[in-house]
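Enquirer: Generate coordinates for the sequence data below:
(3 chains)
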Amino acid sequence: MRSLEMTTPWHEEEEDVEVEDMEITKHRDDLTESSSDEATGRKIARRKNGGSASSGGGSSGSTTRRRKTCISARERNLRRLESNERERMRMHSLNDAFEQLREVIPHIKMERKLSKIETLTLAKNYIMALTNVICEMRGEEKHYTFQDVDDDSAVDLETTTDDNSREQNNNSMFQQNLESSQENLMNSR
DNA sequence: TAGGCCATCTGGTCCT
DNA sequence: AGGACCAGATGGCCTA
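Expert: Have a look, this model is predicted:
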């Protein structure tokens, strides 16, 4: 478990807290304007308007002031903002990867896109199905069995019966797809 | 309205 | 030292 003790919260610097809040808001304005992603801009805008965005630990509303550190509060703010931007970019690239994964996983089309946990679960099942096909082609025993929905998935705890049946459909679709492509492969030889 | 999912911020820790 | 990664917190949106 992480320690909730913060060593040097960035707002507990030599400058007044309120001044720093103003500055961080200004920087967020800049980032919002420079961002090409509208959704990102909206999210940041929301943060500006409403959310405190304070995480657990030191930012619990304390207005105590401390005098120390070799870098200025302004510099610290700037680094925080740069760090936020990098983190946003990192999460965007992660989401891009999820999107690419969604595109290559055969699944029953839904009106809504697959959630992240669904995407990972389907990907796992697809890999298992592919592994089974390889085993079959080698004349080995299948590694995995698809019985209903697997029991250790977080999805299973939260999904409805419809979702469960959809996942079963997806699994059987894996099998059908793989069997037909297996036949094609055999025929082409 | 509750719950699921998500984006973002944030500070701590790890890695180069 | 600085960036990447991680996990907790928060609040918005959507759906049943």
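Enquirer: Which helix or strand contains residue A:71?
Expert: Using DSSP states H and E, residue A:71 falls within no helix or strand.
Enquirer: how near is it to residue A:142?
Expert: Distance, residue A:71 to residue A:142, by CB to CB, to the nearest Å: 59 Å. C-beta coordinates here come from the backbone N, C-alpha and C atoms, glycine included.
Enquirer: These two - which one has more neighbours?
Expert: Per other CB atoms under 10 Å, whichever of residue A:71 and residue A:142 has more neighbours is residue A:142, with 14 against 10.
Enquirer: Which helix or strand contains that one?
Expert: For residue A:142, there is no host helix or strand (DSSP H and E).
Enquirer: What is the burial count for the closest residue to it other than its chain neighbours?
Expert: Excluding the flanking residues, the one nearest residue A:142 by CB to CB, 6 or more residues apart in numbering is residue A:132, at 4.4 Å. Close neighbours of residue A:132, defined as other CB under 10 Å, add up to 20.
Enquirer: Which helix or strand lies directly C-terminal to the top helix by length along chain A?
Expert: In chain A, with assignment by DSSP state H, the single longest helix is helix A:73-104. Downstream of helix A:73-104, the next assigned helix or strand under DSSP H and E is helix A:116-137.
Enquirer: Next, the buried residues of that next one.
Expert: Buried residues in helix A:116-137, counted by 16 or more other CB atoms under 10 Å: A:118-123, A:125-126, A:128-129, A:132-133.
Enquirer: where in chain A is pLDDT low?
Expert: For chain A, the stretches with pLDDT under 70 are A:1-70, A:108, A:147-173, A:175-189.
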